[in-house]
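Student: fold the following.
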Amino acid sequence: MYAEDIDYSKLDERLRGGMQRWIERAILPGDYLCACLRNDLRSAFDKVDDSGPEDVKRTIRWLYWNAPYLCWGSPERIAVWEAVGGIKNVADALALDSAVGNIMQASSKRVHAIIEGHAKSMAAAKREADARERECEPGAGMEAAHRMK
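Tutor: The predicted model follows:
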């Protein structure tokens, strides 16, 4: 996709300049567009003017069908796009997107390992507590004494 291929005419006229500067040169637009770019719909609805929810819907639809996928959709993609400097540097953006994906995948694996280790520790602690509880039950000492005979 090239800058010349993007049709801004279907986007609300008030948003065109900000969106074009964002896509082509990675200059962050206003709060409303930033919320839409991050896919933060809650903030987008908070920041939209009196025109309301239909504007949010039209903006997101425009992004989906017209904007390069790397320039919107999550805070991570926004950071990558900003670092690259816009569509003219899209080859670099693709490399960065791959790097961000690898970092996120590695982080996810670390988190799963921590959770799994925590779950194993919790299970071991529960087994130990259950064993101690059985030892403290009334008559447990008598049963142990009878077994020794």
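
Student: any chance you could map the strands in the chain?
Tutor: In the chain, no strands are defined using DSSP state E.

Student: quick one, helices of it?
Tutor: If DSSP state H is used as the criterion, the helices of the chain fall at 13-25, 31-38, 41-47, 53-66, 75-84, 90-136, 140-148.

Student: averaged pLDDT, the second one. What do you get?
Tutor: When pLDDT is averaged along helix 31-38, the result is 94.

Student: distance of N89 relative to Y64?
Tutor: From N89 across to Y64, the span is 22 Å (CB to CB, to the nearest Å). Quick note: C-beta positions are derived from backbone N, CA and C, even for glycine.

Student: more neighbours: those two, which one.
Tutor: Shown here are N89 and Y64; by other CB atoms under 10 Å, N89 has more neighbours (15 against 11).

Student: can you read off the pLDDT for the more buried one?
Tutor: At N89 the predicted local confidence, pLDDT, stands at 80.

Student: now swap in P53 and tell me
Tutor: 82.

Student: pull up the gap between it and I6, please.
Tutor: In terms of CB to CB, P53 sits 25 Å off from I6.

Student: more neighbours, those two?
Tutor: I6 (17 against 11).

Student: burial measure for the nearest residue to the more buried one once chain neighbours are set aside, as a count.
Tutor: Nearest non-adjacent residue to I6, counting by CB to CB, 6 or more residues apart in numbering: N66, 5.8 Å away. Here the number of neighbours of N66 (other CB under 10 Å) works out to 17.

Student: give the closest residue to S74 in space, chain neighbours not counted.
Tutor: Spatial nearest neighbour of S74, excluding adjacent residues (CB to CB, 6+ apart): N39 at 6.0 Å.

Student: any weak-confidence spans in this structure?
Tutor: Applying pLDDT under 70 to the chain picks out residues 1-3, 50-51, 91-119, 121-123, 137-149.

Student: domain assignment for it?
Tutor: Following automatic domain parsing, the chain resolves into domains at 3-88, 103-148.

Student: pick the most buried one from these.
Tutor: Comparing the domains of the chain by mean neighbour count (mean count of other CB atoms under 10 Å), domain 3-88 ranks first with a mean of 16.

Student: ok so, going back, now do the residue nearest to I6 against T59, distance only.
Tutor: Distance of N66 to T59, computed by CB to CB: 11 Å.
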